[in-house]
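**Q** Return a 3D structure for these sequence lines:
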Amino acid sequence: MKSKLLLTILIISLALSISGCADIVDKFPLPTEEAEVSSAGFGKSLTYGIIIRDFSPSQSSVDSGDEVELGLDIENVGAHEAENIAINLFQKSGFSIVSENSVSAISLLAPDLVFEQPGERLYSYWVMTAPSVSVNQQKSLKARITYDYSSLATSNIHLVSRDIYNEQGPGAFSIQSTTSLAPVSFAIYDVPPIKVSSSPESSVDVSLNIVIRNTGSGSVSGNIQNFAVYTVRGPVRNDVTATSCSDDVSGGEVSLFGKTQERSVKCDLSLDYLEDITSYTIEVLGDYTYIMDTDPVSILVKE
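**A** I've put the predicted structure just below:
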């Protein structure tokens, strides 16, 4: 799964804009009401990619040897297309599967805000036979959703001549930052307008700090893939990852740290100063595989 320019254009239109934030925490989106939806008794899902709309059995109790159906309803509520979706009922507690439609899906489209269309949904079910028990027993079942997703963050950088900077002040040059709705959030620390003393047709060194954080209710499998930092000025789009982020990025892969799965990446950019006010847009993109488990459901198996 590779990040594409068309995807970037779509994501920017869907992204959550955040400007003038001093603290990087503010750059991570807060849960929306839609993203918090989950079935009764199964807690809140804060994942901005796929969420669990419902995970429940057709009945709360069943006799030994009888059949019961278990259903799972998921939806993509994030800003990107979910790909390579796989559903697995990994905790069965003795139930035997008779039939199922938990076949993996190729993709689930993201919501289309322009046409007010919700994200695509996928319904899976398992028809199961209850195990034999000598006494009544509560049995727990859980399902796992695995899918590929992307994240995007943008921010702008202004290189300003000393005269204009002193005349207008730093507040005249707005900094617009965005982070797309995804289970893994990318955010770029704001870079204040930079006062440049040299003449145009020179270069300016800029340090960029990027934070990657797992903000969803699941976990990232492996590393962030296809991690890239782009500079954009007008129609020009240059990948500067290899030259600027070599200490933190190896072959487009970024590893996350600790149980919270987060880390920061520093990139040292050399930006061309072409005129009295030279502005750039910085894009940070990456892909990953995300794993999310349902909360357990309980079925009473009667003797």
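**Q** what lines up beside the host helix or strand of Val211 in the sheet?
**A** In this structure, Val211 sits in strand 202-214 according to DSSP states H and E. With DSSP bridges as the test, strand 202-214 is paired with strand 184-188 (antiparallel), strand 262-273 (antiparallel).
**Q** in its sheet, what does the next helix or strand after the longest one sit against?
**A** Towards the C-terminus, the helix or strand next in line after strand 262-273, according to DSSP H and E, is strand 277-293. Sheet pairing for strand 277-293, assigned by DSSP bridges, gives strand 137-161 (antiparallel), strand 219-233 (antiparallel).
**Q** Deepest-packed of those strands, please.
**A** strand 137-161 (a mean of 22; mean count of other C-beta atoms under 10 Å). From N, CA and C alone the C-beta is placed, and that goes for glycine too.
**Q** What is the helix or strand just after it packed up against?
**A** With elements assigned by DSSP H and E, the helix or strand that comes after strand 137-161 is helix 162-168. Applying 3 or more C-beta pairs under 8 Å, 6 or more residues apart in numbering; DSSP states H and E, one finds that helix 162-168 contacts strand 194-196.
**Q** what pairs with the strand it packs on, and is each one parallel or antiparallel?
**A** Short version: by DSSP bridges, strand 194-196 pairs with strand 137-161 (parallel).
**Q** average pLDDT for stretch 245-257?
**A** Here stretch 245-257 scores 86 as its mean pLDDT.
**Q** hmm, back to that, out of the strands paired with strand 277-293, nearest to His80?
**A** Closest of the strands paired with strand 277-293 to His80 is strand 137-161, at 4.5 Å (criterion: C-beta to C-beta).
**Q** Can you find the helix or strand of the chain with the lowest average pLDDT?
**A** strand 16-19 (a mean of 36; mean pLDDT, DSSP states H and E).
**Q** mean confidence for the helix or strand following that one?
**A** Sequence-wise, the next helix or strand downstream of strand 16-19 (DSSP H and E) is strand 50-57. Average pLDDT, strand 50-57: 95.
**Q** list the buried ones in the next helix or strand after strand 50-57?
**A** Sequence-wise, the next helix or strand downstream of strand 50-57 (DSSP H and E) is strand 61-63. Across strand 61-63, burial judged by 16 or more other C-beta atoms under 10 Å covers Val62.
**Q** Tell me how many other residues crowd Ala130.
**A** Neighbour count for Ala130, taken as other C-beta atoms under 10 Å: 23.
**Q** doesn't Val62 make contact with it?
**A** Yes - here Ala130 reaches Val62: they are 4.6 Å apart, a contact under C-beta atoms under 8 Å.
**Q** ok, back up a step: return the most buried member of the strands paired with strand 202-214.
**A** Highest mean neighbour count of those: strand 184-188, a mean of 26 (counted as mean count of other C-beta under 10 Å).
**Q** What pLDDT is listed against the residue nearest the centre of the chain?
**A** With distances taken as C-alpha atoms, centre = their mean, Ala182 lies nearest the centre of the chain, 2.3 Å away. Note on Ala182: pLDDT of 94.
**Q** That one is in what secondary structure piece?
**A** Using DSSP H and E, no helix or strand contains Ala182.
**Q** Find me whatever residue is spatially closest to it, sequence neighbours aside.
**A** Ser151 (4.3 Å; C-beta to C-beta, 6 or more residues apart in numbering).
**Q** Contact partners for that neighbour?
**A** Contact partners of Ser151, counting by C-beta atoms under 8 Å, 6 or more residues apart in numbering, are 80, 179-180, 182, 184-186, 212, 285-286, 288.
**Q** how far away is Tyr189 from Cys245?
**A** As judged by C-beta to C-beta, to the nearest Å, Tyr189 and Cys245 stand 14 Å apart.
**Q** Between those two, tell me which one has more neighbours.
**A** Comparing Tyr189 with Cys245 by other C-beta under 10 Å, the one with more neighbours is Cys245, at 23 against 18.
**Q** For that one, give me the backbone phi and psi.
**A** phi -120, psi 30 (degrees, to the nearest 10).
**Q** Asp248 too?
**A** Torsion angles at Asp248 (phi, psi; degrees, to the nearest 10) stand at phi -110, psi -20.
**Q** That one and Ser151, how far apart?
**A** 16 Å.
**Q** Same question for Lys92.
**A** Here the criterion is C-beta to C-beta. By it, Lys92 lies 33 Å from Ser151.
**Q** cool, and Gly171?
**A** Applying C-beta to C-beta, the value for Gly171 to Ser151 is 30 Å.
**Q** Could you do Arg162 as well?
**A** Distance from Arg162 to Ser151, counting by C-beta to C-beta: 37 Å.
**Q** Tell me how this structure divides into domains.
**A** 5-30+149-290, 34-140+293-302 (automatic domain parsing).
**Q** roughly how far out does the first one sit from the chain middle?
**A** Pointing back at domain 5-30+149-290 there. Mean C-alpha position of domain 5-30+149-290 versus that of the full chain (C-alpha atoms, centre = their mean, to the nearest Å) differs by 16 Å.
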